[in-house]
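Trainee: the following block contains a protein sequence and its predicted model.
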Amino acid sequence: MEEKQFGINDVVEMKKQHPCGTNRWKIIRLGMDIRIKCEGCGHSVLIPRKEFARKMKKILVKHEE
């Protein structure tokens, strides 16, 4: 299985939606842990990189530098 390539400010879709009803998340921090922010309510979550890669469905908007 290929490694998913994601970067800072990318908007991703997760397998499960947030309780607010939105399934769009923006990556706001990268490292050993990844911080993502809900596009609907603004709640942010810090999850381990390995868990994030497993729970991410697809990249919706790729941020170009």
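Mentor: Good, I have the coordinates.
Trainee: can I assume Ile8 is in contact with Arg29?
Mentor: Yes. The criterion here is C-beta atoms under 8 Å, and Ile8 meets it with Arg29 at 7.4 Å. To be clear about C-beta, it is placed using only N, CA and C from the backbone, and glycine gets the same treatment.
Trainee: list the contacts of Cys41.
Mentor: His18, Cys20, Thr22 (C-beta atoms under 8 Å, 6 or more residues apart in numbering).
Trainee: and it, which of the three is it?
Mentor: coil (DSSP: H, G, I helix; E, B strand; the rest coil).
Trainee: buried among the contacts of Cys41? Make that a PyMOL selection.
Mentor: Selection of the buried residues among those in PyMOL, burial being defined by 16 or more other C-beta atoms under 10 Å:
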select buried, resi 18
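Trainee: relative to Leu46, which of the contacts of Cys41 is nearest.
Mentor: Nearest to Leu46 among these, counting by C-beta to C-beta, is His18 at 14.6 Å.
Trainee: so what's the closest one up against?
Mentor: Residues counted as contacts of His18 (C-beta under 8 Å, 6+ apart) are Trp25, Cys38, Gly40, Cys41, His43.
Trainee: in those residues, find the pair that's most separated.
Mentor: Greatest spatial distance among the contacts of His18 (C-beta to C-beta): Trp25 and Cys41, at 11.1 Å.
Trainee: and the host helix or strand of Lys26, what does it pack onto?
Mentor: In this assignment (DSSP states H and E), Lys26 forms part of strand 24-29. The helices and strands touching strand 24-29, judged by 3 or more C-beta pairs under 8 Å, 6 or more residues apart in numbering; DSSP states H and E, are strand 11-14, strand 33-38.
Trainee: just to revisit the earlier point, go through the contacts of His18 and name the one nearest Ile59.
Mentor: Taking the contacts of His18 together and measuring to Ile59 by C-beta to C-beta, the closest member is Trp25, at 10.5 Å.
Trainee: quick one on the thing from earlier: got CSV for the contacts of Cys41, with distance to Leu60 too?
Mentor: Conversion of the contacts of Cys41 to CSV gives the following (distance: C-beta to C-beta, whole Å):
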residue, distance to Leu60
His18, 14
Cys20, 17
Thr22, 12
